[in-house]
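Q: sequence and computational prediction follow.
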Amino acid sequence: MAETHVLFVEDDDVIREATQLALERDGFRVTAMPDGLSGLDAFRAQRPDIALLDVMLPGMDGVSLCRRIRDESTVPVIMLSARADSIDVVLGLEAGADDYVTKPFDGSVLMARIRAVLRRFGHAGGTGPGEHGDGSADGGGLLAFGDLEVDTEGMEVRKDGAPVALTPTEMRLLLEFSSAPGTVLSRDKLLERVWDYGWGGDTRVVDVHVQRLRAKIGQDRIETVRGFGYKLKG
């Protein structure tokens, strides 16, 4: 099996070199770049399997780089942020990032997040949408919710007959909702099922992805149930 190729963009020389070594020891192939512009060039030239982007980068910041990558690809993106409470986290998620890790990070935490994202995207022997356990879509064919159609076998979504482009994370989120329309799913449950978190995570990841999904399938299609979570209107 080919090595998973990681694009790592980080301007701090010590962090970049140490993290690259740790990733390579864990079996990844790594392209490490020191700034956003060279990171974008490397992404376009090499098309990695996953991108790790620091938020604060010279030339082009990580949020802008994430947005440029997302305009061209659905490759998974993890943002690295120095402050957990920073608005940069939300900005990165809104730009299209799938997850984030706070610096300074433990190497094992970073590896766990990378492998969790890759599993969601069908890499590293993970399960794809519809292949995990209880309560998820399981190849039930075409599901219809008003003007919204979800093809759980073809992994396609249409609204008013027109195709809707979703990232793999957005697709998995929609599959969770569509597998149980009208059922309230808590943020913690969605973190567990969609993000593969076996531990507590930041629910902002869920909230921002729900916002992104609403923007694509209709603002009223997913309802917020205050104090509990979200549900898909049937």
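A: Alright, I've got the coordinates.
Q: any idea how far the residue positioned nearest the centre of the chain is from residue 156?
A: For the chain, residue 98 is the residue whose C-alpha lies nearest the centre (C-alpha atoms, centre = their mean; 2.0 Å). From residue 98 across to residue 156, the span is 20 Å (C-beta to C-beta, to the nearest Å). (Glycine included, C-beta is placed from N, CA and C.)
Q: please apply the same query to residue 141.
A: On the measure of C-beta to C-beta, residue 141 and residue 156 end up 12 Å apart.
Q: these two: which has the busier surroundings?
A: Taking other C-beta atoms under 10 Å, residue 141 and residue 156 do not tie; residue 156 has more neighbours (15 against 10).
Q: hmm, back to that, thought the residue nearest to the centre of the chain was touching residue 170?
A: No - contact between residue 98 and residue 170 fails when scored by C-beta atoms under 8 Å: they sit 9.2 Å apart.
Q: buried residues in the helix or strand where residue 118 lies?
A: Secondary structure from DSSP states H and E places residue 118 in helix 107-120. Within helix 107-120, the residues that count as buried by 16 or more other C-beta atoms under 10 Å are 110, 111, 112, 113, 114, 115, 116, 117, 118, 119, 120.
Q: relative to residue 66, which of these is nearest.
A: Closest approach between the buried residues of helix 107-120 and residue 66, by C-beta to C-beta: residue 117, at 13.6 Å.
Q: look up the closest residue to that closest one, ignoring the ones flanking it.
A: Nearest residue to residue 117 in three dimensions, chain neighbours excluded: residue 76, at 4.6 Å (C-beta to C-beta, 6 or more residues apart in numbering).
Q: that neighbour: neighbour count?
A: 23.
Q: now do residue 73
A: 16.
Q: which ones are touching it?
A: Residues near residue 73 by C-beta atoms under 8 Å, 6 or more residues apart in numbering: 43, 47.
Q: low-scoring pLDDT stretches of the chain, where are they?
A: Low-confidence segments of the chain, defined by pLDDT under 70: 1-2, 84-86, 123-140, 198-201.
Q: tell me the domain ranges of it?
A: 5-120, 142-232 (automatic domain parsing).
Q: chain center to the last one, what's the gap?
A: With C-alpha atoms, centre = their mean, to the nearest Å as the basis, domain 142-232 stands 13 Å off its chain's centre.
Q: what's the answer for stretch 21-41, then?
A: 19 Å.
Q: many thanks, have a good one.
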